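Visitor: Predicted model follows, preceded by the sequence.
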Amino acid sequence: MKEYNLIADKSKSLALRIIKLYKYLTSEHKEFVLSKQILRSGTSIGANVREAIRGQSDADFYAKMNIALKEAEETLYWLELLHESEYIETTHFTSIYEDCKRVTKILMSITKAQKQE
């Protein structure tokens, strides 16, 4: 259960950073397409983690954690695009990208362990 609390905390923290990034992109760069995509995927991670933790069955738990993992991978992709298209500078990108990678690794660990049970 300790690992579940960790992923719930980390995914919520990441979602808050993504929200701040969205605000920055829309107000400073008037960028509304990529920013909307990253807002959706980046906040969906934590929502799916929450649903998984309160899941009705092991299968429900696994399915929601797997969706959270997919959303985390998608968020990494949007971050890469935003960086490579020069909407976010390298220092900010590196920090948030590393946070997202940590969340992805935790989710991979949880889904692998759940799949083996």
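Guide: On my side now, so go ahead.

Visitor: didn't Glu31 look like it was pressed against Tyr87?
Guide: Yes. When contacts are counted by CB atoms under 8 Å, Glu31 is listed as touching Tyr87 (5.8 Å). C-beta coordinates here come from the backbone N, C-alpha and C atoms, glycine included.

Visitor: Mutual contacts of those two, please.
Guide: Contact criterion CB atoms under 8 Å, 6 or more residues apart in numbering; residues shared by Glu31 and Tyr87: Leu25.

Visitor: any chance you could map the helices in the protein?
Guide: Per DSSP state H, the chain carries helices over the ranges 2-28, 34-53, 58-84, 90-116.

Visitor: how much space between the closest residue to Leu79 other than its chain neighbours and His83?
Guide: Leaving out its chain neighbours, the residue that sits closest to Leu79 by CB to CB, 6 or more residues apart in numbering is Tyr97, at 5.2 Å. Taking CB to CB, to the nearest Å as the measure, Tyr97 and His83 are separated by 8 Å.

Visitor: What is the burial count for Ser41?
Guide: Applying other CB atoms under 10 Å, we find 21 other residues in the vicinity of Ser41.

Visitor: residues contacting it?
Guide: The contact partners of Ser41, by CB under 8 Å, 6+ apart, come to 71-72, 74-75, 78.
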